[in-house]
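S.K.: Predicted model and sequence follow; I will ask about them next.
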Amino acid sequence: MSKDSTDEVNFAAVSGKAELFCFEWIELISQSLIVVAFVMAFAFRPFTIDGSSMRDTLYDRDKVIVKKWDFVPHNGDVVVIRRYRELDAPIIKRVIATEGQELEIDFQTGSVFVNGEKLNENYIKEPMRRRGDAEIPKVIPKGFTFVMGDNRNNSTDSRWNMVGLVDNSYIVGKAVCVYFPFYRIGMIR
């Protein structure tokens, strides 16, 4: 075999290995993107906080992970609600009462009672002074949830007609953790 034909065989071998290497990387990246897309579509979703209605639990521009799959709202959950009614953007609020629960709000003291028991709301920024314009039902109807922001005096929530009782089908999921900014990384309580 001549030197020229040996060089051609070596070049072909090296070229084939490079093509195989590139193909394997493209395949790996494609598979990873498919898995990420699946997880984002059905399991988790990133969400950026817009506003101060959840202070001091969450702050404007915080980035959170929202658990979407198999979610049923429970009292105390921090949830993301997609656009509906007059809302032009998704909002994030805390679940106060769910279907079938009795709700009473004493606007004189700022106390909230669910099923006759006063809530221990150590997460609120300050005592509630704002009433809102929505009629607050004694019992939350089936398929609905009553939500409020932790910064009660600066929150458009179920106390206002703009939001009102939230149809559970509009709840995207539960906000489970802050992932940015890095100094605030942690679980949401």
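M.R.: Perfect, thanks for sending it.
S.K.: Closest to the centroid, which residue in the protein?
M.R.: Centroid-nearest residue in the chain: Val66, 3.4 Å away (criterion: C-alpha atoms, centre = their mean).
S.K.: Is that one bridged to anything, and to what?
M.R.: Arg45, Ala175 (DSSP bridges).
S.K.: roughly how far apart are it and Phe182?
M.R.: Plainly put, Val66 is 19 Å away from Phe182 if you go by C-beta to C-beta, to the nearest Å. (Glycine included, C-beta is placed from N, CA and C.)
S.K.: for Phe146, same thing?
M.R.: Using C-beta to C-beta, Phe146 is found at 34 Å from Phe182.
S.K.: Which residue of those two possesses the greater neighbour count?
M.R.: Higher neighbour count among Phe146 and Phe182: Phe146, with 28 against 7, using other C-beta atoms under 10 Å.
S.K.: Wait, the residue nearest to the centre of the chain touches Val176, no?
M.R.: Yes. Under the criterion of C-beta atoms under 8 Å, Val66 makes contact with Val176 at 7.1 Å.
S.K.: Any idea how many residues pack against Arg184?
M.R.: 14.
S.K.: can you pull the contacts of it?
M.R.: By C-beta atoms under 8 Å, 6 or more residues apart in numbering, the contact set of Arg184 is 59, 62, 178.
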